[in-house]
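In: Here is my input, please return the structure:
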Amino acid sequence: AYRLIKNVAMVLGDPIGTPEGCTRVIDEFLDVAAVNGWTPCFYGATERHLNEFERHGLAWVQVGEDAMIDLPNLNFRGKAWQDVRTARNRAQRDDVSFQMIDQTTIEPAIVAQLWEISDEWAGQRALPEMNFTLGHLTDPPDPEIRTGIAIDSNGKIHGFVTWLPVYARNGWVIDLMRRRNDAFRGVMEFLIAESALAFQAEGCPFVSLSAAPLAHLPRQKHHPGTIERALSYLAERLDTLYHFTSLVDFKRKFMPGWEPVYLAYAGPASLPRIGYALMRAYLPGLSARDIRQLMSGISDAGVPESGIASDNGSAHAQSPDVRAPLRIPRGKRPRVAAETAVAQMAAVEEWSGERA
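Out: Here you go, the predicted structure:
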């Protein structure tokens, strides 16, 4: 399965199947893209298929970190888990319990509260909700989704989280996190902790707190390439709007293991188009002017022109409408030739049919 925006075909995550089956799927997808004149990419892929992507002539670059909680030995003991234990104790004191529900079979009054909480949450945001890898409540509900709720003795739901199945690895990944304004402090820590214990009791090996977009945790001495510097610039700009850094800090409370996720792409010349398509996927309500601001920032940060090596080891031999115009901070950018940035942006605008 893939998503097509303009003529960029994006696969989300890894191919699923045997090694031979995955190779065949990659072959077929790239053939379909070539026949139709599409720009192909794999977004959010893991390390499992990087060698296969390289064998097919694709470059890759890290675009995030996935927070993984191993469940078999999870017990919340030790100083590092103090915030989680406090949240669980507070819930017990306030007579708030946890339930894992199926929205398709639970009584309508519960589902109505979920919508009430979600609408309240969205209504307080000056910025549009992000889409693509992030979901929404649906009517009718998706039967594949599990929902954890924090509900008190009066039947009031304080908050909820939703979980999506990770079929290839028999785990679950978090999707929505929503709370009431007057929910007890620590309700999200409580919901995630209780969900993890519920999945542990079912024999699941892990849960994912989802990838932190554009995060890059230091693992070894590393000198970022041109594309990575451009992504770092974009991360800084978007962090002022969507607070990715604080989200990473919140996830650290659960002592996750961090797994890098990658973008596999056909070459540096395709990156401006892929960047445009990703922004349209995540934020379909952005105006052409907002996209120009972000895209010009990426170009100024040094996305290479066609023919410059990619950043991976082989190349180096190692929905809701926008409520108000976004104020995108500029910041300090690495120098590149001004005519290069202008030419790249003009090419993307001509290709996309959008002008600021």
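In: Every contact and neighbour count from this point should use C-alpha atoms.
Out: OK.
In: Helix or strand: which one has the closest residue to residue 179 other than its chain neighbours?
Out: Closest residue in space to residue 179, ignoring its immediate chain neighbours: residue 159 at 3.9 Å, by CA to CA, 6 or more residues apart in numbering. Residue 159 is part of strand 157-166, with elements assigned from DSSP states H and E.
In: same for that strand, what does it pack against?
Out: helix 108-123, strand 146-152, strand 171-179, helix 187-201 (3 or more CA pairs under 8 Å, 6 or more residues apart in numbering; DSSP states H and E).
In: can you list the weak-confidence ranges in the protein?
Out: By pLDDT under 70, the weakly predicted segments of the chain are 125-135, 212-246, 284-288, 290-356.
In: Which parts of it are helices?
Out: With DSSP state H, the ranges of helices along the chain come out as 19-36, 50-55, 82-93, 108-123, 187-201, 226-242, 244-252, 271-282, 288-300, 338-352.
In: quick one on the thing from earlier: neighbours around the residue nearest to residue 179, how many?
Out: Around residue 159 there are 25 other residues, counting by other CA atoms under 10 Å.
In: go on, residue 76?
Out: If you count neighbours by other CA under 10 Å, residue 76 ends up with 15.
In: How about residue 75?
Out: Residue 75 has 10 nearby residues by other CA under 10 Å.
In: Same check on residue 263?
Out: Residue 263 is flanked by 23 other residues according to other CA under 10 Å.
In: Next, the contact list for the closest residue to it other than its chain neighbours, please.
Out: Closest residue to residue 263 apart from its sequence neighbours, by CA to CA, 6+ apart: residue 43 at 4.6 Å. By CA atoms under 8 Å, 6 or more residues apart in numbering, the contact set of residue 43 is 10-13, 262-264.
In: related to what we said a few turns ago, list the buried ones in the strand holding residue 159?
Out: Of the residues in strand 157-166, 157-164 count as buried by neighbour count, 16 or more other CA atoms under 10 Å.
In: Could you export these as CSV, including distance to residue 277?
Out: Formatted as CSV, the buried residues of strand 157-166 follow (distance: CA to CA, whole Å):
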residue, distance to residue 277
157, 37
158, 36
159, 33
160, 31
161, 28
162, 26
163, 26
164, 24
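In: which of the residues you listed lies closest to residue 92?
Out: Checking those against residue 92 by CA to CA gives residue 158 as the nearest, at 13.3 Å.
In: Skipping adjacent residues, who's closest to the closest one in space?
Out: For residue 158, ignoring the flanking residues on the chain, the nearest one in space by CA to CA, 6+ apart is residue 183 at 4.9 Å.
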